[in-house]
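Colleague: mind folding the following:
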Amino acid sequence: MTAIGDMPIAAFDLETTGPNPLSDRIVTAHLSLINPKTKQIQPRDWLLNPGIDIPAGATAVHGITTEHAAEHGAEYAPGVEEIFTALLTAWKAGHVVVAFNGAFDLTLMNAEAERLGIGSLSSWCGPVVDPFVLDKAFDQWRKGSRKLGDVCAHYGVKLDNAHEAKADAMAAARLAWKMLRGFDFTTATVEQIMDCQTRWYAEQQQSFARYLRKLARKITEPDEDGRSVDEQKTDLLARADSITVDWPIRLSLGQRSAA
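Modeller: Got it, this is the predicted structure:
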């Protein structure tokens, strides 16, 4: 069985129209095929026209406006198919896909491929390493943000141009390489690391849901925005109820019902 530390890496990241992986669309994508032994890197970038307005909040994160995507972006459906095919090709060639908070990127990739009739990524999902999951599992009680930039700073990993797909993907790859060695996990098999991450992610999500419910119980007065106690509690409990434990690809409501 192949050890995870011996596998070539496919560093992957998406920048999107918003934070919902089941309904938002891809704006930019990056996939770099990396051979750590030879130092060879084969990068590939995509800029797509999502066919809808890119909200100002999303533009503030990644810098791509609706006008820029419409003028310079590739046609959406063929672009999504290219990214989908590139991911499958990487897995079939023996790469491990590395993505920070990969449950978001791979879920969105799968949702869009299914919506467009391209295929189901969940049917072909190969090995994944998610530094976001690893960090929370091995350094559970560290205080502070777990965003990519902060995690990179903690582990001394270079990150230039945060929220640019290539920069984020390459930073995730560096984090994975460093974490697997720092946590003495390089000899784990694909099956072992996938099972561990699946279990850890579920535990992390369940813990967060409990935290939100605890916060709801503690609310006793209106907040600074004027929301009543009931409104605040309803919001927190709804967030807790919406949390899912699927990893690395989140199931849609219809898929979960069928399962």
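Colleague: can you list contacts of stretch 75-90?
Modeller: With contact meaning C-beta atoms under 8 Å, 6 or more residues apart in numbering, stretch 75-90 is reached by 10, 12, 25-26, 29, 31, 33, 44, 46, 48-51, 73-74, 97, 109, 112-113, 116, 118-119, 121, 124, 126. Any C-beta I mention is one placed from the backbone N, CA and C, and that applies to glycine too.
Colleague: narrow those residues to those in helices?
Modeller: With helices taken from DSSP state H, the overlap with the contacts of stretch 75-90 comprises Met109, Glu112, Ala113.
Colleague: pull the contacting residues for the first one.
Modeller: With contacts taken as C-beta under 8 Å, 6+ apart, Met109 has the following neighbours: Leu14, Ile26, Val80, Ile83, Phe84, Leu87, Leu121.
Colleague: what's the spacing between the fourth one and Pro21?
Modeller: Read it as Ile83. 14 Å (C-beta to C-beta, to the nearest Å).
Colleague: now swap in the first one and tell me
Modeller: Leu14 sits 9 Å away from Pro21, going by C-beta to C-beta.
Colleague: shared neighbours, the two?
Modeller: In contact with both Leu14 and Pro21: Phe104, Asp105, Leu108, using C-beta under 8 Å, 6+ apart.
Colleague: most surrounded residue in those residues?
Modeller: Counting neighbours by other C-beta atoms under 10 Å, Asp105 comes out on top of the shared contacts of Leu14 and Pro21 with 29 neighbours.
Colleague: so where does the closest residue to Gly144 other than its chain neighbours fall, helix or strand?
Modeller: Distances taken as C-beta to C-beta, 6 or more residues apart in numbering place Asp150 nearest to Gly144, at 6.3 Å, with adjacent residues excluded. Taking DSSP states H and E as the criterion, Asp150 maps to helix 148-155.
Colleague: one more: Ala90?
Modeller: Going by DSSP H and E, Ala90 is in helix 76-92.
Colleague: got the buried residues for that helix?
Modeller: Within helix 76-92, the residues that count as buried by 16 or more other C-beta atoms under 10 Å are 76-77, 79-84, 86-88, 90-91.
Colleague: pLDDT-wise, which helix or strand of this protein ranks last?
Modeller: helix 253-258 (a mean of 48; mean pLDDT, DSSP states H and E).
Colleague: rewinding a little: and of the contacts of Met109, the nearest to Met170?
Modeller: When the contacts of Met109 are compared for distance to Met170 (C-beta to C-beta), Leu14 wins out at 14.1 Å.
Colleague: any idea which element the closest one lies in?
Modeller: strand 9-16.
Colleague: output the contacting helices and strands for that strand.
Modeller: With contacts defined as 3 or more C-beta pairs under 8 Å, 6 or more residues apart in numbering; DSSP states H and E, the packing partners of strand 9-16 are strand 26-35, helix 56-62, helix 76-92, strand 96-98, helix 102-115, helix 165-182.
Colleague: quick one, which of those gets closest to Tyr155.
Modeller: Relative to Tyr155, the nearest member of these by C-beta to C-beta is helix 165-182, separated by 5.6 Å.
Colleague: let me know the average pLDDT across the helix ranked longest in the chain.
Modeller: Among the segments of the chain that qualify as a helix by DSSP H, the longest is helix 190-218. On average, the pLDDT along helix 190-218 is 97.
Colleague: and for stretch 149-166?
Modeller: For stretch 149-166, the per-residue pLDDT averages 94.
Colleague: do the same with stretch 65-76
Modeller: Here stretch 65-76 scores 98 as its mean pLDDT.
Colleague: ok, now stretch 25-39?
Modeller: Across stretch 25-39, the average pLDDT comes to 94.
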